[in-house]
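Requesting a structural model of the entry that follows:
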Amino acid sequence: RLVEELAPERSLARTPLFSVLFTLQHPQVARRELPGLVLEPFGLASPTAQFELAAVLTEEDGAVRGHLLYRAGLFDPATMARLAGHFANLVAAAGAAPGTPLAALPLLAAHELQQTLRECNDTAAELPRTASLDQLFERQVERTPAAVAACCGAAWMSYRELDRHADRLARRLAASGVGPEVPVGVCLERSLAALAAVLAVWKAGGIYVPLDPGYPGERLRTLVADSGCAVVVTSGELAGRLGGGAPTLLLEALDGPEAAALAGPAAARGEGGEGDEGEEAARLALRGRARRRAAVLGGEHGAYLLYTSGSTGRPKGVLVTHGALCHRLLWGQSVHPLAAGDRLLATASWSFDISLWELFAPLLAGACVVLPPAGAPLDLAGLARWIAAEGITVVHFVPSLLARFLAGCGLGDTRLRLVFCGGEALAGELRRRFAERVGAPLVHQYGPTEATITASVDAGDPGRPERVDLGRPIANHRLYLLDRDLRPVPLGAAGEVCIAGAGLARGYHGRPAATAERFLPDPWAEAPGERLYRTGDLGRRLSDGRLEFRGRADGQVKIHGIRIEPGEIEAALARHPGVAAAAVVARDEDAGERRLVAYLVPRREAGLDAAAAREFLAASLPRHLVPAAFVLLPALPLTPNGKLDRGALPAPERTRRGAQVAPRTPAEAALAAVWRAVLGLPAVGVEDNFFAAGGDSIRAIEVVAAARDAGLALTPRQL
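Numbering: from 1, shown residues only. The predicted structure is shown next:
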């Protein structure tokens with residue numbers, strides 16, 4: 001009757017209502033003799049499990065005995081043996097202390113606690129933890145002063161030149177009042193000037209705050225105000241977008257040859273001075289003056305303040321120390337060393353923490369960081385050509401972009417010897433295809449911004465190439481899997497991934513309540529005062545000690561490696577006068593693609609359409625936070641208890657409603673054909689909006705590549 005009334009989805013693979021059975025039986029009937037008849041218990045072995053798991057217990061002779069019957073296709077004997085042991089631990093503890101709340105009863109035996117807390121986190125290693133990053137860079141300058149440190153298009157700088165330019169700018173910052181723990185914004189296009197500016201902030205003692213010039217002006221002003229920037233290093237072209245929230249230091253205002261060398265990405269490098277002892281002495285004196293103004297930094301001082309999406313509608317600034325950043329880079333050099341001949345391509349936005357690794361891992365090893373000039377056509381084909389032409393040996397990809405690469409132009413004939421990826425889950429099939437087409441090792445990195453770029457790595461399992469794990473913790477880090485009461489979960493069970501160790505950020509800038517919620521005292525730390533960070537990621541520990549990713553415990557999503565809190569977008573939409581209610585979800589589509597979709601309930605008295613909502617968000621949020629599709633609904637679907645029923649939200653239509661303007665020229669016809677192929681649309685009009693039709697940053701790269709094949713010169717920025 002329940003099956004008839006509930007009408008659950010039927011499948012021959014499982015029973016319709018429940019998959020786990022627990023039964024406690026009365027004592028079995030003992031041997032009994034009747035006139036002319038003897039009754040004896042007779043067990044029957046069932047060759048097939050009726051349920052996925054059944055626990056059958058019987059009270060007998062003052063004890064409870066039983067057995068587990070399970071589907072062999074779902075569980076292995078070792079897992080069932082652990083489950084039986086955990087159940088025995090649970091009932092023994094309950095019997096010893098019947099008044100104890102169930103959540104406080106232990107499941108794990110002492111040896112299991114030792115294994116999950118200690119043995120799996122045995123990562124102690126000797127690495128320097130006190131120096132600041134600019135000090136490590138200066139040591140490399142002393143070792144390789146004439147080596148090429150960075151190049152950007154035709155411009156390049158040696159280690160000595162980069163150090164000299166950073167010293168000069170650091171003196172100007174120090175004169176502006178910059179010192180330890182003082183935030184300094186850097187709002188510049190990708191260039192040698194921007195790289196020198198970041199180093200200068202640290203040399204002056206300040207905290208680096210990246211301000212992406214591609215962000216809307218309102219977003220930039222919000223970040224400047226929230227961080228409390230004492231000064232912003234920028235250019236005259238970009239200064240107006242900051243709205244006067246903080247004093248600016250314009251690169252054009254610098255005098256002398258440094259101004260020409262730092263004017264922009266196409267500037268010629270500053271010649272002269274490489275062998276001039278007088279100029280070198282002046283440079284060292286200049287550095288000494290900057291050092292006297294700002295006390296020498298240590299590992300406890302703030303290094304950078306990087307903003308992530310916030311669930312409450314306000315971005316959160318994660319404050320990372322020099323000690324954490326230096327530890328991450330020095331650990332990376334110890335396990336995946338870069339050499340003087342390496343050239344690392346830096347393409348990540350400087351608003352994301354992986355950019356710190358791209359920029360400074362090579363600069364601590366005597367290698368060269370390669371910066372594509374701002375506006376360079378880095379579509380798939382262009383990026384492949386760039387990697388080959390620039391002799392790139394080390395690169396980092398987001399898995400979704402790497403998949404496009406392998407499906408499209410590949411990596412061709414390159415000098416790549418080491419490839420890293422991270423930011424989102426890496427599919428086993430993608431790892432397999434990479435191994436077949438590229439000879440370089442592929443290293444998958446996991447770690448939220450709050451754990452300083454990387455907390456664990458997975459170099460792959462040759463025996464099981466299809467499996468993708470979070471891997472094992474890096475040096476001086478510990479990864480715990482905890483339940484909702486922050487207790488270790490058993491091997492094989494899902495729990496929240498919590499990170500402890502040398503890479504933890506200080507917390508969220510100016511938000512003590514949010515810091516206290518996510519950064520907690522580590523009850524298993526060997527040293528007092530250590531903390532753990534609750535990531536919100538779910539995982540389970542496998543029998544070989546590795547961690548497997550199992551999704552999220554909240555609504556946070558990752559799209560193309562970017563961490564997104566739908567709540568921030570919903571809060572921004574709620575400020576629109578024409579929006580009565582809004583919900584934002586990430587929808588998985590064909591070919592494993594994922595995109596943001598906004599569902600809006602318009603106010604009756606105010607007109608609202610998708611285009612207006614998109615423009616409203618684009619004025620205040622970065623491009624990656626603007627949904628790819630907007631759907632207008634009369635009301636949001638709710639569950640019986642009044643919560644949003646996300647499963648009932650309809651899939652957006654990806655075709656343009658209303659009349660479409662047909663292509664009128666050969667170029668429009670060619671571009672429309674490219675859009676149709678990339679977006680999977682039956683028709684495209686020349687007035688359609690690429691992002692409204694389902695486009696995003698990754699598909700934009702595909703469009704640019706296909707357009708070039710069709711003879712149309714196009715860049716992602718133009719699109």
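
pLDDT at the closest residue in space to A706 that isn't next to it in sequence, what is it?
Using CB to CB, 6 or more residues apart in numbering and skipping the chain neighbours, the partner closest in space to A706 is V674 (4.5 Å). In short, each C-beta sits where N, CA and C put it, glycine included. For V674, the pLDDT comes out at 90.

which residues does V674 contact?
Counting by CB atoms under 8 Å, 6 or more residues apart in numbering, V674 touches 703, 706-707, 710, 712.

Stretch 55-66 spans what distance, first to last residue?
Counting by CA to CA, to the nearest Å, you get 7 Å between the two ends of stretch 55-66.

Show me what counts as buried in that stretch.
55, 57, 66 (16 or more other CB atoms under 10 Å).

If the first one is in a bridge, with which residues?
It refers to A55. F22, L68 (DSSP bridges).

what sits against it?
Contact analysis of A55 by CB under 8 Å, 6+ apart lists 21-23, 66-68, 87.

let's see it at 7 Å
22, 66, 68 (CB atoms under 7 Å, 6 or more residues apart in numbering).

so how many other residues sit close to D167?
D167 has 27 neighbours, counted by other CB atoms under 10 Å.

That one sits in which helix or strand?
Assigned by DSSP states H and E, D167 belongs to helix 159-175.

what packs against that helix?
On a contact count with 3 or more CB pairs under 7 Å, 6 or more residues apart in numbering; DSSP states H and E, helix 159-175 meets helix 133-143, strand 148-152, helix 192-203, helix 257-261, helix 277-293.

pLDDT check: weakest of the contacts of A55?
G66 (88).

who touches stretch 14-31?
2-3, 8, 10, 39-41, 51-60.

end to end, how far does that stretch reach?
From its first residue to its last, stretch 14-31 covers 37 Å (CA to CA).

Name the helix or strand of this protein that has the lowest mean pLDDT.
Across the helices and strands of the chain, mean confidence by mean pLDDT, DSSP states H and E is lowest for helix 257-261: a mean of 46.

Spell out the secondary structure type for S349.
Three-state call for S349 (DSSP: H, G, I helix; E, B strand; the rest coil): coil.

Skipping its backbone neighbours, what lies nearest it in space?
Using CB to CB, 6+ apart and skipping residues adjacent in sequence, the residue nearest S349 is D212, 5.9 Å away.

which residues does that neighbour contact?
349-351 are the contacts of D212 under CB under 7 Å, 6+ apart.

Let me know the secondary structure of it.
Put simply, D212 is coil when judged by three-state DSSP.

element containing the residue nearest to A706, please.
Using DSSP H and E, V674 falls in helix 666-679.

Then V232?
strand 231-234.

chain center to that strand: distance?
Relative to its chain's centre, strand 231-234 lies at 27 Å (CA atoms, centre = their mean, to the nearest Å).

before we move on, what about stretch 224-241?
Distance of stretch 224-241 from its chain centroid, counting by CA atoms, centre = their mean, is 26 Å.

now do the same end-to-end measure for it.
End-to-end distance of stretch 224-241: 11 Å, with CA to CA as the criterion.

what does that stretch contact?
Under CB under 7 Å, 6+ apart, the answer for stretch 224-241 is 173, 176-178, 182-188, 197, 209, 211, 213, 217, 220, 242, 245-252, 305, 317, 509-510.

So which of these sit within strands?
Per DSSP state E, strands hold the following members of the contacts of stretch 224-241: 183-187, 209, 248-250, 305, 317.

Restricted to buried residues, select those in PyMOL.
To isolate the buried ones among the ones in strands among the contacts of stretch 224-241 in PyMOL, judged by 16+ other CB under 10 Å, type:
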select buried, resi 183+184+185+186+187+209+248+249+305+317
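
what are the ranges of the strands in the stretch 551-700 of the chain?
For the stretch 551-700 of the chain, the strands defined by DSSP state E, counting those that start in this stretch cover 557-559, 562-564, 579-588, 594-602, 629-632.

about what we covered before: what's the closest of the buried residues of stretch 55-66 to L113?
L113 has its nearest neighbour among the buried residues of stretch 55-66 in A55, at 23.8 Å by CB to CB.

L470 and R550 touch, don't they?
No - applying CB atoms under 7 Å, one finds L470 not in contact with R550, separated by 9.7 Å.

Which neighbours do these two have in common?
Residues touching both L470 and R550 (CB under 7 Å, 6+ apart) are G539.

more crowded one of the two?
Each of L470 and R550 has its neighbours counted (other CB under 10 Å); L470 has more, 25 against 16.

Excluding chain neighbours, give the residue nearest to the more buried one in space.
Excluding the flanking residues, the one nearest L470 by CB to CB, 6+ apart is L547, at 4.0 Å.

my guess is the one you found meets L538, correct?
No - with contact defined as CB under 7 Å, L547 does not reach L538; the gap is 10.2 Å.
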